[in-house]
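Peer 1: Generate a structure from the sequence data that follows.
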Amino acid sequence: MTRQTPPYQPQQVRFVDQLALVATQSAASASRHFLRLALSKWQAALIEDDVLLVASELVTNAVTVTGVLPKPPAWDELERLGLVHVRLVGLSDSVVVEVWDVSDEPPRLQRVGDDAEGGRGLLLVQELATRWGSYRTTGGKAVWAQLAARAPLPQRPRGERRGGRSAAARPGPDAALLRRIRAGLDTAL
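Peer 2: Residues are numbered from 1 along each chain as shown. Model prediction:
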């Protein structure tokens, strides 16, 4: 399933949390910690196991197509780091996990043999999610999966922001901040 936009309208969003990760082997683990905290904050721990499994599969695929970082980067390589982005969107009766990567190729379900060691990630996503798909973003794509909440999510407290960015905006690294950090470290050495 492929859509050109996220599977929700901005007015439906109750909560949003997002995280940018360097495309390394540890990205899936870091995303699980982030999502566990977000789900706890949202009082949605009942669906934690399914969300973490779906996110792990989507982040692993995103890291694979973005390119795993082979070694720690040098300072002059920081602006060219391959990043993946994880966003958790809370709706009234479900959550949406979105993972951005740099590839514009849509995800494809693979048919693998019983003895294959990999290739079943999107099949798991399909089984656990009520629906899933992808859409193009500036510089890549987002793959999303919507999972039903077992209880309605609480309302956002009055005055709390909806996450700052529009739902369809792709987050990106703050290159200016990275340059200032690098300049500060260069002068300190």
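Peer 1: now the strands: where do they sit in this structure?
Peer 2: Along the chain, counting by DSSP state E, strands occupy 15-22, 83-90, 94-101, 131-137, 140-148.
Peer 1: is it possible to export those to TSV including mean neighbour count and distance to residue 71?
Peer 2: For the C-beta atoms, the positions are set from N, CA and C on the backbone; glycine is no exception. Shown next, in TSV, are the strands of the chain (neighbours: other C-beta atoms under 10 Å; distance: least, C-beta to C-beta, whole Å):
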stretch	mean neighbour count	distance to residue 71
strand 15-22	19	12
strand 83-90	24	17
strand 94-101	26	21
strand 131-137	18	28
strand 140-148	22	23
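Peer 1: Turn those strands into CSV, columns for mean pLDDT and distance to residue 9.
Peer 2: As requested, the strands of the chain are arranged in CSV below (pLDDT from 0 to 100; distance: least, C-beta to C-beta, whole Å):
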stretch, mean pLDDT, distance to residue 9
strand 15-22, 92, 13
strand 83-90, 94, 11
strand 94-101, 95, 12
strand 131-137, 92, 14
strand 140-148, 94, 13
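Peer 1: Switch those strands over to TSV; also include distance to residue 75.
Peer 2: Formatted as TSV, the strands of the chain follow (distance: least, C-beta to C-beta, whole Å):
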stretch	distance to residue 75
strand 15-22	14
strand 83-90	17
strand 94-101	24
strand 131-137	28
strand 140-148	25
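Peer 1: count of residues packed around residue 54?
Peer 2: 28 (other C-beta atoms under 10 Å).
Peer 1: can you pull the contacts of the closest residue to it other than its chain neighbours?
Peer 2: Excluding the flanking residues, the one nearest residue 54 by C-beta to C-beta, 6 or more residues apart in numbering is residue 145, at 4.8 Å. Taking C-beta atoms under 8 Å, 6 or more residues apart in numbering, we find residue 145 in contact with 54, 58, 96-97, 125, 128-129, 131-132.
Peer 1: and the gap between residue 94 and residue 8?
Peer 2: Separation of residue 94 from residue 8 (C-beta to C-beta, to the nearest Å): 9 Å.
Peer 1: Select, from the contacts of residue 145, the two members most distant in space.
Peer 2: 58 and 131 (14.0 Å; C-beta to C-beta).
Peer 1: nearest to residue 181, of the strands of the chain?
Peer 2: Each of these was scored for nearness to residue 181 using C-beta to C-beta, and the closest is strand 15-22 (14.7 Å).
Peer 1: Let me see the residues that make contact with the longest helix seen in the chain.
Peer 2: For the chain, the helix with the greatest residue count under DSSP state H is helix 48-66. With contact meaning C-beta under 8 Å, 6+ apart, helix 48-66 is reached by 21, 23-25, 27-28, 31-32, 35-36, 39, 82-84, 86, 88, 95, 97, 99-103, 105, 107, 121-122, 124-125, 128-129, 143, 145, 147.
Peer 1: Alright, I will stop here.
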